[in-house]
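Chemist: give me the fold of what follows.
(one chain, ligands or ions: 1)
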Amino acid sequence: MVQFEMWDSDEPVPRLELLKKVKGCDGILCVLTEKIDAQLLEAAGPNLKVVSTMSVGFDHLSLDELKKRGIRVGYTPDVLTDCVAELTVALLLATSRRLIEATHEAKTGGWGTWRTLWLCGHELANSTVGILGLGRIGVAIAERLKPFKVKKFIYTDVAPRPELANMIEAEYVSFDELAKQSDFLAVCCALTQETHGICNWNLFSKMKKNAIFINTSRGGVVNQEDLYEALSTGLIAGAGLDVTTPEPLPTHHPLFTLKNCVILPHIASASYTTRNAMSALAANNLLAGLRGEPMPKELKL
Ligand SMILES: O=CC(=O)O
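Modeler: Numbering: from 1, shown residues only. Modelled structure (predicted):
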């Protein structure tokens, strides 16, 4: 029998409350708003055997601290891949074809006569799409973009990933070449020490003027001051962000003032089907971990 206590709210559990509630627990099922760090693990105490996060990202977990204590970790890859890829394509099109600006103009009287260059954007046909960090999600995005007649897919990562790349006929290039060649650049890498702030002036200054930058991974991979500069000075054409630092991004943040920046509130995996699948997988990971059995999706530490 498992005894459990549930935080029955869509709002994150206040930290102090969480620190109290985890005391003596054998397992924790969390979402990405909970920092699972040394302080929390200390508060939980020596019973804790498993942490199961309902997310594919795990930058909110201190992996070193978990490993040190022999605590197993479950996460939810794969079940959200289609949903995240779909949203990434939606965000890319909304940004490149200026859909948010366009609906605003239509609603607020900006729609005059048909004008030749009004609300022109950039199309996918004949374009080069770059993927920063090629994994399951990057492949799924490319598969969806291919029918839009993309000319070429390129990617960069710590090393070539031929098995995945062959699925979408993507060419491995250097980070600089990715910046230089991409008409659309989709960031799909995990947030780690190595990728923190990797999308900064060095990247933006090498990109094409017509380039569209899309991030559905984690806000921490982007230097937002540099992105603001790049967007506001026309160094790149637009950005679509599903993730920011912090979250929520304060409503007075300069990025919100830019017409060429589309910001979504971290909804890439937000479909009923996917969130249900993620929660079932997270629960099954937790139960398997508690029983000492192999987890359906365990993160190797
Ligand atoms: O961002 C969402 C996730 O990591 O699942």
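
Chemist: mind listing what the closest residue to residue 222 other than its chain neighbours touches?
Modeler: Distance criterion C-beta to C-beta, 6 or more residues apart in numbering; nearest residue to residue 222, sequence neighbours excluded, is residue 199 at 4.4 Å. All C-beta spots, glycine's among them, are computed from the backbone N, C-alpha and C. By C-beta atoms under 8 Å, 6 or more residues apart in numbering, the contact set of residue 199 is 132, 187, 213, 215, 221-223, 226-227.

Chemist: try it again with 7 Å
Modeler: Counting by C-beta atoms under 7 Å, 6 or more residues apart in numbering, residue 199 touches 187, 221-223.

Chemist: could you pull out the helices for this protein?
Modeler: Secondary structure of the chain (DSSP state H): helices at 15-21, 38-44, 63-68, 81-96, 99-107, 136-145, 162-167, 175-181, 201-204, 224-232, 272-291.

Chemist: show me which pair in the contacts of residue 199 is furthest apart.
Modeler: The largest separation in those, counting by C-beta to C-beta, is between 187 and 223 at 12.3 Å.

Chemist: of the contacts of residue 199 - the most surrounded one?
Modeler: Using other C-beta atoms under 10 Å as the neighbour criterion, residue 222 leads these with 27 neighbours.

Chemist: and the stretch 151-300 of the chain, which of its residues are near the ligand?
Modeler: Proximity of the stretch 151-300 of the chain to the ligand (C-beta under 6 Å from any ligand atom) is limited to residues residue 269.

Chemist: what's across from the nearest residue to residue 263 once chain neighbours are set aside in the sheet?
Modeler: Among residues not flanking residue 263 along the chain, residue 241 sits closest, at 5.1 Å (C-beta to C-beta, 6+ apart). For residue 241, the beta-bridge partners are residue 215, residue 263 (DSSP bridges).

Chemist: against residue 147, how distant is residue 241?
Modeler: 25 Å (C-beta to C-beta, to the nearest Å).

Chemist: between the two, tell me which one has more neighbours.
Modeler: Each of residue 241 and residue 147 has its neighbours counted (other C-beta under 10 Å); residue 241 has more, 23 against 8.

Chemist: that older thread, ok, the residue nearest to residue 222 to residue 288 distance?
Modeler: Distance of residue 199 to residue 288, computed by C-beta to C-beta: 36 Å.

Chemist: ok, residue 45 next?
Modeler: Using C-beta to C-beta, we find residue 45 at a distance of 22 Å from residue 288.

Chemist: quick one, which of those two is more surrounded?
Modeler: Using other C-beta under 10 Å, the more surrounded residue of residue 45 and residue 288 is residue 288, with 19 against 11.

Chemist: enumerate every residue touching the more buried one.
Modeler: 294-296.

Chemist: what about 8 Å?
Modeler: When contacts are counted by C-beta under 8 Å, 6+ apart, residue 288 touches 74, 294-296.

Chemist: same deal with residue 204?
Modeler: By C-beta under 8 Å, 6+ apart, the contact set of residue 204 is 179, 213, 226-227, 229-230, 235-236.

Chemist: could you dump these to JSON lines with distance to residue 96 and neighbour count?
Modeler: Formatted as JSON lines, the entries for the contacts of residue 204 read as follows, by distance: C-beta to C-beta, whole Å; neighbours: other C-beta atoms under 10 Å:
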{"residue": "179", "distance to residue 96": "17", "neighbour count": "23"}
{"residue": "213", "distance to residue 96": "10", "neighbour count": "28"}
{"residue": "226", "distance to residue 96": "21", "neighbour count": "18"}
{"residue": "227", "distance to residue 96": "16", "neighbour count": "26"}
{"residue": "229", "distance to residue 96": "20", "neighbour count": "15"}
{"residue": "230", "distance to residue 96": "16", "neighbour count": "23"}
{"residue": "235", "distance to residue 96": "16", "neighbour count": "18"}
{"residue": "236", "distance to residue 96": "11", "neighbour count": "23"}
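
Chemist: and the residues you listed as CSV, adding pLDDT?
Modeler: CSV is the format used below for the contacts of residue 204 (pLDDT from 0 to 100):
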residue, pLDDT
179, 98
213, 99
226, 98
227, 98
229, 98
230, 98
235, 98
236, 98
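
Chemist: ok, of these, which one's closest to the ligand?
Modeler: residue 213 (18.1 Å; C-beta to the nearest ligand atom).
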